[in-house]
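> below is the structure, and that's it, no one-letter string:
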Ligand SMILES: Cc1cc2nc3c(=O)[nH]c(=O)nc-3n(C[C@H](O)[C@H](O)[C@H](O)COP(=O)(O)OP(=O)(O)OC[C@H]3O[C@@H](n4cnc5c(N)ncnc54)[C@H](O)[C@@H]3O)c2cc1C
């Protein structure tokens, strides 16, 4: 079965793009879509450009967890706002996006894990989030039938879930109704720069004049920036998801232990993944960025599997051009939708693990499996900042595997930054200069 959004999916938003706009947003994932939405609501003329299909990449392939639990302390207030925004937006779409308050549970086997969870709780309390520790009997009440003996858990009842490949295209509809011009199949080949500042973008459908550009290009952001001499130590890792056929419901939210993460979908099946396991395809960017990733590698030496080389056309493939002429096709048109093959051995392992953890659910039948390339940063928190070296350019990228849930919050923040308004949140942690100003690497979410 093909993944729901693919190269043959009909184009919903054919364009053509306008010749001018107040703001151009590059990238039709959850970040670009939400940024365009809130910019349009603020009264700007905004065009959202997507090289493939809205949400064709990470924003449809994720687990669908809308999670406050375990967030970096500086992300948490934005995430708390995002929770409220999701509730509002779900009312404004024309479809059921599956928004459900099912909670999120991290299952702990050791006292060390429980201690780490307990150490995070003050952050939740500071922002009024209802996270709490559960005892072994409380876990059994919450998720009946678990076969593994858990010492405790971290649980947040107000966390939610939604169906990503329905939700993000639906949000694009909300953005369009708010006045944003959405254009699919329209790659931005290059930034248009005049006198050292942004003058617009060059797309495959022609030039768009604009004094403000937001780059929300997910796994492709660093490739575009590099063409313009701006370094962003962003890499992408493959993450595999397996989807089961419908099975009995034991718990409506998302849960994870050290081996498997699962959550019920709206169609009655479960999405399964191995939370702490990622695969990095090695390319020139990986070599270049390696020194910045050493802190992460030391903290979690076995969480990443290294693959010899990225397949052709991937952002960090050896053969992907790093410079190209804006008048001709760019690497972005060459890969409309980054659609990595899932790791089949991992899918088999997840099938066994899910049966082992919840044997009472009966046989685990896999309906389909897919993968996504997660764009990550060395400290596992995003970059949300104006680019000082190029006035008019704002970057919102590197969501590091947790950008779906926070998407509406980040979209609102980015819209405020571009508009010159107070984003109402401290964005110091997310500044671009942290990778070049000698700042000590401070790793994000460790729970
Ligand atoms: C398997 C998996 C599980 C995950 N689980 C969760 C989860 O449960 N909860 C959570 O919060 N997050 C999760 N995430 C992370 C989340 O999906 C991402 O952080 C989020 O979707 C990133 O959104 P984005 O808009 O930044 O990037 P993307 O969704 O990747 O969108 C970027 C878009 O930009 C387009 N683009 C790039 N360059 C150009 C160009 N030059 N011109 C035009 N268009 C361009 C691309 O085609 C792409 O569609 C998961 C991710 C994966 C892969």
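Yes, it's here. If you're wondering where the values come from, they're calculated on a predicted model, not measured in any experiment.

> check contacts around the spatially most central residue of the chain.
Nearest to the centroid of the C-alpha atoms of the chain, with distances taken as Cα atoms, centre = their mean, sits residue 403, at 3.4 Å. Residue 403 makes contacts with 29-31, 58-59, 382, 410, as judged by Cβ atoms under 8 Å, 6 or more residues apart in numbering. Quick note: C-beta positions are derived from backbone N, CA and C, even for glycine.

> among those, which are within reach of the ligand?
Counting by Cβ under 6 Å from any ligand atom, 29-31, 58-59 from those sit close to the ligand.

> of all those, which two lie farthest apart?
31 and 58 (9.5 Å; Cβ to Cβ).

> overlap of the contact sets of the two?
Common contacts of residue 31 and residue 58 (Cβ under 8 Å, 6+ apart): 218, 399, 403.

> how close does residue 388 sit to residue 225?
13 Å (Cβ to Cβ, to the nearest Å).

> how far off centre is the worst-scoring helix or strand of the chain on mean pLDDT?
Ranked by mean pLDDT, DSSP states H and E, the weakest helix or strand in the chain is strand 304-307, scoring a mean of 89. On the basis of Cα atoms, centre = their mean, to the nearest Å, strand 304-307 sits 20 Å off its chain's mean C-alpha point.

> and it, what does it pack onto?
strand 278-281 (3 or more Cβ pairs under 8 Å, 6 or more residues apart in numbering; DSSP states H and E).

> ok, the strand it packs on: who's next to it in the sheet?
Its sheet considered, strand 278-281 pairs with strand 235-244 (antiparallel), strand 304-307 (parallel) by DSSP bridges.

> and the next element down the chain from that strand?
Downstream of strand 278-281, the next assigned helix or strand under DSSP states H and E is helix 284-299.

> report the mean per-residue pLDDT for that next one.
Helix 284-299 carries an average pLDDT of 91.

> from the contact counts, what lies against that helix?
Going by 3+ Cβ pairs under 8 Å, 6+ apart, helix 284-299 lies up against strand 235-244.

> repeat that with 10 Å
helix 221-227, strand 235-244, strand 304-307 (3 or more Cβ pairs under 10 Å, 6 or more residues apart in numbering; DSSP states H and E).

> what about the closest residue in space to residue 131 that isn't next to it in sequence, neighbour count?
Counting by Cβ to Cβ, 6 or more residues apart in numbering, the nearest residue to residue 131 once its immediate chain neighbours are dropped is residue 124, at 3.9 Å. The tally of other residues near residue 124 (other Cβ atoms under 10 Å) stands at 21.

> now the element after the one helix or strand residue 124 maps to, going C-ward?
Using DSSP H and E, residue 124 maps to helix 111-126. Past helix 111-126, further along toward the C-terminus, the next helix or strand under DSSP H and E is strand 131-134.

> quick one: distance of that next one to the chain centre.
Per Cα atoms, centre = their mean, the displacement of strand 131-134 from the mean C-alpha position of its chain is 26 Å.

> mind listing what's buried in that strand?
Neighbour-count burial for strand 131-134, counted by 16 or more other Cβ atoms under 10 Å, picks out 131, 134.

> tell me the helices and strands packed up against it.
strand 104-108, helix 111-126, helix 136-142, strand 152-156.

> each with direction, which strands does that strand pair with?
strand 152-156 (antiparallel).

> quick one: name whatever helix or strand follows the strand it pairs with.
strand 160-161.

> run through the neighbouring helices and strands of that next one.
Short answer (3+ Cβ pairs under 10 Å, 6+ apart): strand 160-161 packs on strand 65-66, helix 76-92, helix 403-419.

> in the stretch 1-150 of the chain, what residue is nearest the ligand?
Of all residues in the stretch 1-150 of the chain, the one sitting closest to the ligand is residue 29 (2.2 Å; Cβ to the nearest ligand atom).

> quick check: the closest residue to that residue other than its chain neighbours vs residue 406, distance?
Distances taken as Cβ to Cβ, 6+ apart place residue 59 nearest to residue 29, at 3.8 Å, with adjacent residues excluded. Using Cβ to Cβ, residue 59 is found at 12 Å from residue 406.

> also residue 4?
22 Å.

> check residue 291 too.
For residue 291 relative to residue 406 (Cβ to Cβ), the value is 28 Å.

> need the contact list for residue 337.
3, 5-7, 9, 50-53, 55-57, 60 (Cβ atoms under 10 Å, 6 or more residues apart in numbering).

> next: residue 85.
34, 37-38, 78, 406-409, 411-412.

> go again with 8 Å.
Residues near residue 85 by Cβ under 8 Å, 6+ apart: 408-409, 412.

> near the ligand, which residues of the stretch 301-447 of the chain are found?
Listed as neighbours of the ligand in the stretch 301-447 of the chain under the rule Cβ under 6 Å from any ligand atom: 332, 372, 374, 397, 399, 401-405.

> which single residue in the stretch 251-400 of the chain comes nearest to the ligand?
For the stretch 251-400 of the chain, Cβ to the nearest ligand atom, closest residue to the ligand: residue 372, 2.7 Å.

> am I right that that residue sits in a strand?
Yes - the assignment for residue 372 by DSSP: H, G, I helix; E, B strand; the rest coil puts it in a strand.

> who touches the closest residue to it other than its chain neighbours in this structure?
Leaving out its chain neighbours, the residue that sits closest to residue 372 by Cβ to Cβ, 6+ apart is residue 61, at 3.3 Å. Residues in contact with residue 61 (Cβ under 8 Å, 6+ apart) are 3, 164-165, 241, 370-372.

> about what we covered before: between residue 291 and residue 406, which one's more packed in?
Remark: of residue 291 and residue 406, residue 406 carries more neighbours, 29 against 10, as counted by other Cβ under 10 Å.

> quick one: neighbours of residue 252, just the number.
Under the criterion other Cβ under 10 Å, the count of neighbours that residue 252 has is 12.

> do I have it right that it meets residue 105?
No - contact between residue 252 and residue 105 fails when scored by Cβ atoms under 8 Å: they sit 10.9 Å apart.

> circling back: out of the contacts of residue 337, which sit inside strands?
Residues of these located in strands (DSSP state E): none.

> just those residues: which has the poorest pLDDT?
The pLDDT minimum for the contacts of residue 337 sits at residue 3, where the score is 91.

> phi and psi next, for that residue.
phi -60, psi 140 (degrees, to the nearest 10).

> what residue in the stretch 201-350 of the chain comes nearest to the ligand?
For the stretch 201-350 of the chain, Cβ to the nearest ligand atom, closest residue to the ligand: residue 218, 2.4 Å.

> check what pLDDT that residue gets.
pLDDT at residue 218 comes out at 98.
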